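The sequence and its predicted three-dimensional model are supplied below.
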Amino acid sequence: MANGRIHIRLDSCSVVGCAYHGTRLDRHLDIDHTELSQQEADFLLQEVKRKVGLKMLRELREIDPPSTHDNDT
């Protein structure tokens with residue numbers, strides 16, 4: 001998540017009242033939401049990336065939960 005490369009192309013738009021659910025959320029925010037400043041659009045995009053990244057980590061933990069080993073020797 002540190003480098004910002006999270007696959008968000010299929011996520012829905014997080015702007016209140018918008019029903020967009022397409023393949024290019026980044027373009028949609030820039031083109032269709034002219035009421036947003038560039039900073040606001042960037043912030044929304046980062047929030048979606050954060051949400052998706054946390055969801056991916058949560059799903060990974062469900063598949064492969066951390067083991068509890070005692071390493072006391």
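Nice, thanks for sending it over.

Quickly note the distance from residue 22 to residue 39.
Relative to residue 39, residue 22 is positioned 23 Å away (criterion: CB to CB, to the nearest Å). C-betas here are computed from N, CA, C, even on glycine.

which of these two has more neighbours?
When neighbours are counted by other CB atoms under 10 Å, residue 22 and residue 39 differ, and residue 22 comes out ahead with 13 against 8.

Please name the nearest non-neighbouring residue to that one.
Counting by CB to CB, 6 or more residues apart in numbering, residue 28 is the residue found nearest to residue 22 once chain neighbours are left out, at 6.3 Å.

how many other residues sit next to that neighbour?
Applying other CB under 10 Å, we find 18 residues neighbouring residue 28.

In which helix or strand does it reside?
With the criterion set as DSSP states H and E, the secondary-structure element containing residue 28 is helix 25-32.

try residue 56
When elements are assigned from DSSP H and E, residue 56 belongs to helix 38-63.

Verify the stated contact: residue 49 with residue 8.
Yes. Counting by CB atoms under 8 Å, a contact exists between residue 49 and residue 8, whose distance comes to 5.7 Å.
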